[in-house]
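Enquirer: Quick one, structure for this:
(one chain, ligands or ions: 1)
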Amino acid sequence: MIEQLEQLQADAAARIAAAADLDGLHAVEIDVLGKRSTLTDLRKQLGGLDPDERRTLGQRLNDAKAQLEAAVVARRADLEATARTAQLAAERLDLTERLDPAPARGHLHLVTQTRDRLEDVFVGLGFTVAEGPEVEDDWYNFEALNIPPSHPARGMWDTLYVDAGEPQSVLLRTHTSPVQIRVMQDVAPPIYAVMPGRVYRRDTADASHMPVFHQIEGLVVDRGITFADLAGTLEAFTSAYFGSAIHSRLRPSYFPFTEPSAEYDINCVFCEGSGCRTCAQTGWLELGGCGMVHPNVFAAVGIDPEEWSGFAFGFGIDRLALMRHGVDDLRELFTNDVRFLRQF
Ligand code: PHE
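Expert: Okay, the predicted model is just below:
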């Protein structure tokens, strides 16, 4: 019996050591240590032995069992470690891996580049940059800008209203001028600020109109500001942005929030004034509106027009981008065909 046990123990140890994976080891374990194993059979035979033999053999059986159990535990630990290593290798992510050729890097959209350049020019002139919400209410977009309800000038801006119930007073801002009001509410003069952003009008898209476009607003409020300061600032901006060959001029116009008001034109950047298709042979390109801040606008924000005066201007960022790069259709900017955008 002792011999049989020794043989069994050696066989079992070899099988445990040879188990190739956790499932295999489990099968071997049941086979050599389980209820139907030879080891269990031998134990059942102990009852038929005399007491001395029973004790000796019983002791040997227990030792063998303990030894085999320990061998299973050790082998299991080995196999688990191997399995874990294999799993880690299989699931490994190489974060330094690069697709070859490396994907091309994008760049800022032409409108964003133009906006950044405009901000830079004005910051260089001593202006700060402010922003306001795109969803406005009637008071900021119209009333505070001296455009009361039913004022005919409301027809100048084809307004998109937000359906927020009656009264219809929530809208998508039609220009960046409401940010003038917000800036004057927030900070006391002197104010030198530009306010770029997205604006909305109920327009059908064509070569020179989009329902969503971008403007940059300017506002100066200080003591003794005159129309000459406005003209000088716009001329300084024009040469800083377009180069010293391009000049500006102001033509009388009308805006409810400025008095007097003017249109701001520059020499045509394509023909430099001699007349071409883009400027309709006039030699001039229209950039935007401007004027001296109306006393009613100052009244709306509680600034004393006897002490302070100021000017404001607003022009289209998208049109500037088109002019600078000689693009003749505004829609190109928003179709976002990468073959077009990649050029800038
Ligand atoms: N807000 C005007 C527009 O969009 C432009 C403007 C701004 C005119 C500031 C005068 C002063 O048409």
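
Enquirer: which bits of the stretch 51-200 of the chain sit near the ligand?
Expert: 175, 177 (C-beta under 6 Å from any ligand atom). Where C-beta positions appear, they are placed from N, C-alpha and C, glycine not excepted.

Enquirer: can you tell me the residue of the stretch 51-200 of the chain closest to the ligand?
Expert: At 3.4 Å from the ligand, His175 is the closest residue in the stretch 51-200 of the chain, using C-beta to the nearest ligand atom.

Enquirer: Quick check: chain neighbours aside, which residue is closest to that residue?
Expert: Counting by C-beta to C-beta, 6 or more residues apart in numbering, the nearest residue to His175 once its immediate chain neighbours are dropped is Val199, at 5.5 Å.

Enquirer: Who are the contact partners of that neighbour?
Expert: Shown in contact with Val199 (C-beta atoms under 8 Å, 6 or more residues apart in numbering): 134, 172-176, 212-215.

Enquirer: how much space between Met210 and Val199?
Expert: Computed as C-beta to C-beta, to the nearest Å, the Met210 to Val199 distance reads 10 Å.

Enquirer: scratch that, Asn267
Expert: Counting by C-beta to C-beta - Asn267 and Val199 are separated by 26 Å.

Enquirer: In three-state terms, label the residue nearest the centre of the chain for me.
Expert: The residue lying closest to the centre of the chain (C-alpha atoms, centre = their mean) is Leu108, at 11.9 Å. The three-state assignment at Leu108 reads coil, by DSSP: H, G, I helix; E, B strand; the rest coil.

Enquirer: check which helix or strand covers the spatially closest residue to it that is not a sequence neighbour.
Expert: Nearest residue to Leu108 in three dimensions, chain neighbours excluded: Asp116, at 7.2 Å (C-beta to C-beta, 6+ apart). Per DSSP states H and E, Asp116 falls inside helix 110-124.

Enquirer: got the contact list for whichever helix or strand comes after that helix?
Expert: Under the assignment DSSP H and E, the closest C-terminal helix or strand after helix 110-124 is strand 128-129. Residues from elsewhere that reach strand 128-129, judged by C-beta under 8 Å, 6+ apart: 119, 122-123, 192-196.

Enquirer: Mind jotting down where the strands sit in the protein?
Expert: Counting by DSSP state E, residue ranges of the strands within the chain are 128-129, 135-137, 160-161, 170-172, 191-200, 212-222, 248-255, 258-267, 284-293, 309-316.

Enquirer: which helices and strands sit right next to the second one?
Expert: Using 3 or more C-beta pairs under 8 Å, 6 or more residues apart in numbering; DSSP states H and E as the contact criterion, the secondary-structure elements in contact with strand 135-137 are strand 170-172.

Enquirer: Repeat that for the longest one.
Expert: Contact partners of strand 212-222 among helices and strands, from 3+ C-beta pairs under 8 Å, 6+ apart: helix 110-124, helix 177-186, strand 191-200, helix 227-242, strand 284-293, strand 309-316, helix 317-325.

Enquirer: How much space separates Thr278 from Val212?
Expert: Computed as C-beta to C-beta, the Thr278 to Val212 distance reads 23 Å.

Enquirer: Kindly report the same for Ala321.
Expert: Distance of Ala321 to Val212, given as C-beta to C-beta: 15 Å.

Enquirer: More neighbours: which of the two?
Expert: Ala321 (23 against 15; other C-beta atoms under 10 Å).

Enquirer: give the contact list for the nearest residue to the more buried one once chain neighbours are set aside.
Expert: Excluding the flanking residues, the one nearest Ala321 by C-beta to C-beta, 6+ apart is Thr114, at 4.0 Å. The neighbours of Thr114, taking C-beta under 8 Å, 6+ apart as the test, are 317-318, 320-321, 324.

Enquirer: Of all those residues, the one with the weakest confidence?
Expert: Minimum pLDDT for the contacts of Thr114 is recorded at Arg324 (82).

Enquirer: and it, how many neighbours does it have?
Expert: Arg324 has 16 neighbours, counted by other C-beta under 10 Å.

Enquirer: And Gly58, by the same measure?
Expert: As a burial measure, Gly58 scores 14 neighbours (other C-beta under 10 Å).

Enquirer: Let me know the pLDDT of it.
Expert: On the pLDDT scale, Gly58 gets 84.

Enquirer: So it sits against Leu46, correct?
Expert: Yes. With contacts counted by C-beta atoms under 8 Å, Gly58 reaches Leu46, the gap being 5.7 Å.

Enquirer: these two touch, right, Phe322 and Leu330?
Expert: No, residue 322 isn't Phe; it's Leu. Yes. The pair Leu322 / Leu330 is scored as a contact, 6.4 Å apart, by C-beta under 8 Å.

Enquirer: Between the two, which has more neighbouring residues?
Expert: Using other C-beta under 10 Å, the more surrounded residue of Leu322 and Leu330 is Leu322, with 22 against 19.

Enquirer: The lowest-mean-pLDDT helix or strand in the chain - contacts with which helices or strands?
Expert: Using mean pLDDT, DSSP states H and E, helix 38-45 stands out as the lowest-scoring helix or strand of the chain, at a mean of 82. Where contact means 3+ C-beta pairs under 8 Å, 6+ apart, helix 38-45 is packed against helix 2-18, helix 22-33, helix 51-91.
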